[in-house]
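[1] could you work out the structure for the sequence below:
(2 chains)
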Amino acid sequence: MANGKKTSGRRSSKYEAPKQRRITKQQIENATYKDVKLLEKFVSDRGKIRSSLITGISKQEQAKVARLIKVARELALLPYVTTSSYKQSYNRR
Amino acid sequence: MNKYDLVSIVRPTADESIVDSIHKSISEVISNGGGNVSEQGVWQRRKLAYEIDTFKEGIYTITTFESPSNVPAELDRVLKISDDVIRHKVLKMES
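    Coordinates of the predicted model:
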């Protein structure tokens, strides 16, 4: 792929992942369950965890983010999958 | 000795004295188990992403401590009994 970012050939031919990498490696390395703003970026409107195809982060980072999201869910910092749009309903309350 | 983070969500209707007494009982359990508390305090009061026991808000308090591995289980037991703490979680941190 262009600009040396890792995406396998199979992926790029089937699905062109949006280059969403604005979050630095450092940010993910230092992230904890408390960084709700950061974790929200890896979650869909419904609260589902975004796949690494979309987030564009490495497998190790994706695993870490997923783990943190699951911890944050248990602490009611992030929703489990919701029927309504999470961000809207969250602001309304 | 391991490093742990204890997050507990106190019911929003509780006042400061209740939060203080919870803090006290938590640090008591830790020190009785041979650990020491390095940081303790209210993180923030925030809306919950989903309702817990019909509460839509909660007071988040975080306790950072170091202790032998049997303390988290005892903390778990004590906090489960408490009615003021609606949710808690002990997390092992990388040291």
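[2] and the residue lying closest to B:M1 once chain neighbours are set aside, which of the three is it?
    With sequence-adjacent residues excluded and distances taken as Cβ to Cβ, 6 or more residues apart in numbering or on different chains, B:M1 is closest to B:E66, at 5.2 Å. Using the backbone N, CA and C atoms, a C-beta is placed for each residue, glycine as well. Assigned with DSSP: H, G, I helix; E, B strand; the rest coil, B:E66 falls in the strand class.
[3] what's the local residue count around A:K41?
    14 (other Cβ atoms under 10 Å in any protein chain shown).
[4] ok, back up a step: so the residue nearest to B:M1 makes contact with B:S31?
    No: taking Cβ atoms under 8 Å as the definition, B:E66 is not a contact partner of B:S31, at 11.2 Å.
[5] and the two? which has more neighbours close in?
    Applying other Cβ under 10 Å to B:E66 and B:S31 shows that B:E66 carries more neighbours, namely 17 against 14.
[6] if I look at the more buried one, how far off is B:H23?
    17 Å (Cβ to Cβ, to the nearest Å).
[7] B:R45 too?
    15 Å.
[8] tell me which of the two has more neighbours.
    The neighbour comparison of B:R45 against B:H23 (other Cβ under 10 Å) goes to B:H23, with 18 against 12.
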